[in-house]
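J.: Got a sequence here, can you model it:
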Amino acid sequence: MSIKEILFNTFNSCRRWVWMYIFLNLAAFGYGQLPKTHLYLGELKFSGQAIQLKNLSYLNTFNPEGYNNQPQFFSYNEVYFSAAADTQQYTDIYRINLSTKQLTRFTDTEKISEFSPTPVPASDELSVIRIETDGKTQTLWVYPKDGNNTGKRLMKDLDNPGYHCWLSSNEVALFLVGEPHRLGIGNIITGKVKIIADNPGRCLKKNVDSHLVFVDKSAKDWILKKYDAIQDKFSDICMMPEGSEDFEILSNGTYLSAKGNTLMAYDPVKKSGWVEISDLSGTGVKKISRITASRDRIVFVAEK
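T.: Numbers count the residues shown, from 1 in each chain. Modelled structure (predicted):
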């Protein structure tokens, strides 16, 4: 190998780790500097075509000064999320029962952080993104739901997933950290990843038609899109609220998102734009993000 080739490869390697560092800081503001974020639980009331937010409550009284983020419903009563106390550098996955308010620590790994707990289809497992002990390598892992803390790594050649969403028991959509960030479809059997787009948002969801839904951030105006893997076809859904890349899809097909402290909804049938559900400015809630819902329940992340 020539000196020119060595320098070129070294440059590309360094550039990638720079982007990995930037990503980690955006996601968690660095080890020991996790942002203080909070979880809120509310009820969605449906009246005809209108949606209202009722009975908002503060969920993380157990960790009011720490990091509480990336909630995900696993059942109507159970929400998993990533958390760390204010004195901790590393995150673990926790589970809260919304009926009993019982909190359970799901993972307890040393010098490793877990993010994005996600149910694995047709399985008794959940998947997470791990940041390994070197603070750089990011990996996709699965753990049994019985919480015995003995997981296994998937796609062992993959070291830069940032977020993920299962499309089937074998295929997973992947937000891949890099320059630019990329969106790929990975097969856990073959270990191969098909790149389908550049500059995706961090939120990846599967709709009722089993299409991947994501935010395209490649232009000034961010566009919510869906991807049909069978036809290899993209379709625009709508423009996102300014500055928002997080959303949720309700069982009736309605999309939820937020702008600042305002929760909003979009009806893909009416296509009449984003409609305000609730302005929470009077509650002290601000910067709503990371939304998850199950039937008439909603949990989201915010600052206060």
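J.: so where does the residue nearest the centre of the chain fall, helix or strand?
T.: Centroid-nearest residue in the chain: Cys203, 5.0 Å away (criterion: CA atoms, centre = their mean). Using DSSP states H and E, Cys203 maps to strand 200-206.
J.: Show me the shaky parts of this protein.
T.: Across the chain, the ranges flagged by pLDDT under 70 are 1-32, 148-149.
J.: Helices of that one, start to end?
T.: Secondary structure of the chain (DSSP state H): helices located at 3-28.
J.: re the thing from before, distance from the chain centre to the strand holding Cys203, please.
T.: Centroid displacement of strand 200-206 relative to its chain, using CA atoms, centre = their mean, to the nearest Å, is 7 Å.
J.: partner strands of it, parallel or antiparallel?
T.: strand 212-216 (antiparallel) (DSSP bridges).
J.: Can you list the buried residues in the partner strand?
T.: Using 16 or more other CB atoms under 10 Å as the test for burial, strand 212-216 gives 212-216. Where you see a C-beta, it was placed from the backbone N, CA and C, and this is true even at glycine.
J.: do the same with stretch 164-173
T.: In stretch 164-173, the ones that count as buried by 16+ other CB under 10 Å are 164-167, 171-173.
J.: what separates that stretch from the chain centre, distance-wise?
T.: 13 Å.
J.: Give the full set of residues in contact with Ser116.
T.: Contacts for Ser116 (CB atoms under 8 Å, 6 or more residues apart in numbering) come out as 70, 72, 82, 127-129, 163-164.
J.: and the buried residues of stretch 164-173, which of them are in strands?
T.: In strands, defined here by DSSP state E, the members of the buried residues of stretch 164-173 are 164-166, 171-173.
J.: Considering those residues, which is situated nearest to Ala265?
T.: Set against Ala265, the nearest of these by CB to CB is Cys165 (20.9 Å).
J.: Report the contact partners of Lys259.
T.: 241-244, 274.
J.: Same check on Val142?
T.: Each residue near Val142 by CB under 8 Å, 6+ apart is listed here: 120, 123, 125-128, 151-152, 154.
J.: Tell me how far stretch 202-209 lies from the chain's centre.
T.: Here the centre of stretch 202-209 is set off from its chain's centre by 10 Å, with CA atoms, centre = their mean.
J.: ignore the last one, stretch 61-80
T.: Put simply, stretch 61-80 sits 13 Å off its chain's centre (CA atoms, centre = their mean).
J.: Could you shift the numbering so residue one becomes 10, and keep it that way?
T.: Noted, 10 is the first residue going forward, which turns the last one into stretch 70-89.
J.: Now it: buried residues?
T.: Neighbour-count burial for stretch 70-89, counted by 16+ other CB under 10 Å, picks out 72, 75-83, 87-89.
J.: so how far is Cys174 from the closest residue to Asp305 other than its chain neighbours?
T.: For Asp305, ignoring the flanking residues on the chain, the nearest one in space by CB to CB, 6 or more residues apart in numbering is Leu53 at 4.9 Å. From Leu53 across to Cys174, the span is 22 Å (CB to CB, to the nearest Å).
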